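**Student:** 3D, please:
(one chain, ligands or ions: 1)
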Amino acid sequence: MDAIAEIEAAPSEAALHEVKVKYLGKKGLITQQLKELSLLPPDERRTAGARINALKQQLEAAIEARKAALERTALERQLATEGLDVTLPGYQFPVGGLHLLTQVINRVTEVFKSMGYEVVMGPELETDDYNFKLLNFPDEHPARDTQDTFFMTDGRLLRTHTSPMQVRYMQTHRPPFKVVVPGKVFRNEAVDATHEAMFHQLEALVVGERVTMADLKGAIEEMAKALFGTAARTRLLPTYFPFVEPGAEFSVWWQNPKSGKEGWLELGGCGMVHPNVFKAVGYEGVTGFAFGFGLERLALIPYGIPDIRYFYNGDLRVLRQFRGAL
Ligand code: FA5
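**Tutor:** All right, here's what the predicted structure looks like:
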């Protein structure tokens, strides 16, 4: 059998090694021939040497090729027996998610950002001045009773609404501007299915020259359409808040696409900024509107959540249902 055929037929790496030793080892046939070159006359030596060297290289290349082939077959055999079984069940890694309320807050602030509003935050611990007095709630005014809260011994209180940020923002900025303030608010409430002692509001304030009630209605309408679809409708009913004049409560008409249930969803209060509030911050020659509403309300009804307390009792069976809801 010639050497190349012998190499190509070697059934294993060990057999291939033996063939290699037989030809190229210290006492191998090729090595032997190279040693015997010196016995030849000089003119034959050169051609014989070239021939033997070429043969040697040929054999070396064949050995390398055979080695690679043997390795490949071994790997294939190993994969066939030890390969991954992709039908086995994988490991489940728990994945967290944003709380439904966080998702709602993010979504609503995105809507306002897209309408050119700036988003700012304010302190939850407030003074009586910011929460009431500068918003035109005089001392002893009965409107204060609608928003009872928790007081610190130094007279500060947990804010009952996000409206104090109207005053704080106006004191530090010049009009025109459009701003929204999301955040936590607190009230001394008898807690029930629709009232919590801690909840969230979003306040909007727009001030400039010739800002009108039509702009207010337009802003609420745009928000409703962005949140509930282009068929959404809004309604304003006159009501009283000391810091706006005229004042209104606003609702959106809302329809659940799944259950078909529909109705007016009362969201919050709104109105034109009261002249006394502008006076308190030293603004002249401008008008403005403000509105504020409960973010839990906004999430409760559309998602069919029957009780506001589900937002805060940490029951994962409830919260998991709203992972990535928006
Ligand atoms: C206010 O808080 C005014 N600051 C709103 C406002 C802003 C009027 C700007 C005019 C201009 P009211 O007390 O009605 O208003 O509360 C607004 C909304 O907060 C309510 O419509 C409701 O959606 C939500 N809300 C009020 N109390 C609770 C509560 N205890 N639990 C959950 N949500 C509440």
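
**Student:** When you work out contacts or count neighbours from here on, use the C-alpha atoms and nothing else.
**Tutor:** OK.

**Student:** Can you tell me which residues in the stretch 201-326 of the chain are near the ligand?
**Tutor:** 241, 244, 267-271, 290-294, 297 (C-alpha under 6 Å from any ligand atom).

**Student:** residues near residue 8, how many?
**Tutor:** Neighbours of residue 8 under the rule other C-alpha atoms under 10 Å: 15.

**Student:** what's the answer for residue 17, then?
**Tutor:** Around residue 17 there are 16 other residues, counting by other C-alpha under 10 Å.

**Student:** Roughly how far does it sit from residue 64?
**Tutor:** Counting by C-alpha to C-alpha, to the nearest Å, the gap from residue 17 to residue 64 is 11 Å.

**Student:** Please apply the same query to residue 138.
**Tutor:** In this view, residue 138 and residue 64 are 97 Å apart by C-alpha to C-alpha.

**Student:** Beyond the helix or strand of the chain with the lowest mean pLDDT, next helix or strand please.
**Tutor:** Within the chain, confidence by mean pLDDT, DSSP states H and E is lowest for helix 29-36 among all helices and strands, at a mean of 87. Under the assignment DSSP states H and E, the closest C-terminal helix or strand after helix 29-36 is helix 42-82.

**Student:** okay, the angle between that following helix and helix 29-36?
**Tutor:** 160 degrees (axes from the mean of the first three to the mean of the last three C-alpha atoms, to 10 degrees).

**Student:** From the chain's centroid, how far away is helix 42-82?
**Tutor:** Put simply, helix 42-82 sits 58 Å off its chain's centre (C-alpha atoms, centre = their mean, to the nearest Å).

**Student:** Please apply the same query to stretch 71-86.
**Tutor:** 41 Å.

**Student:** Repeat that for stretch 215-235.
**Tutor:** On the basis of C-alpha atoms, centre = their mean, stretch 215-235 sits 25 Å off its chain's mean C-alpha point.

**Student:** again with stretch 94-101
**Tutor:** 10 Å.

**Student:** in it, what's buried?
**Tutor:** 99, 100, 101 (16 or more other C-alpha atoms under 10 Å).

**Student:** Closest residue of the stretch 51-200 of the chain to the ligand?
**Tutor:** Residue of the stretch 51-200 of the chain nearest the ligand, by C-alpha to the nearest ligand atom: residue 195 (3.5 Å).

**Student:** Surely that residue touches residue 308?
**Tutor:** Yes: applying C-alpha atoms under 8 Å as the test, residue 195 and residue 308 come out as touching, 6.8 Å apart.

**Student:** who has more neighbours, these two?
**Tutor:** Shown here are residue 195 and residue 308; by other C-alpha under 10 Å, residue 308 has more neighbours (20 against 16).

**Student:** who touches the more buried one in this structure?
**Tutor:** Contacts for residue 308 (C-alpha atoms under 8 Å, 6 or more residues apart in numbering) come out as 192, 193, 194, 195, 196, 296, 300.

**Student:** For residue 65, give its distance to residue 10.
**Tutor:** As judged by C-alpha to C-alpha, residue 65 and residue 10 stand 12 Å apart.

**Student:** who's in contact with residue 202?
**Tutor:** Contact partners of residue 202, counting by C-alpha under 8 Å, 6+ apart, are 162, 180, 181, 182, 183, 292, 293, 294, 295.

**Student:** So residue 318 lies in a helix, does it not?
**Tutor:** Yes: Residue 318 sits within a helix when classified using DSSP: H, G, I helix; E, B strand; the rest coil.

**Student:** Run through the residues that contact it.
**Tutor:** The contact partners of residue 318, taken as C-alpha under 8 Å, 6+ apart, are residue 310.

**Student:** Quickly note the distance from it to residue 304.
**Tutor:** As judged by C-alpha to C-alpha, residue 318 and residue 304 stand 12 Å apart.

**Student:** ditto for residue 265
**Tutor:** Distance of residue 265 to residue 304, computed by C-alpha to C-alpha: 13 Å.

**Student:** and residue 154, how many neighbours?
**Tutor:** Number of residues near residue 154 (other C-alpha under 10 Å) recorded here: 7.

**Student:** If you could redo that for residue 245, that was the one I meant.
**Tutor:** What residue 245 shows, counting by other C-alpha under 10 Å, is a neighbour count of 18.

**Student:** isn't residue 19 right up against residue 6?
**Tutor:** Yes: taking C-alpha under 8 Å as the definition, residue 19 is a contact partner of residue 6 at 7.2 Å.

**Student:** what are the ranges of the strands in the stretch 151-300 of the chain?
**Tutor:** Taking DSSP state E, counting those that start in this stretch as the test, the strands found in the stretch 151-300 of the chain are 157-158, 177-186, 198-208, 233-239, 244-255, 262-273, 287-294.
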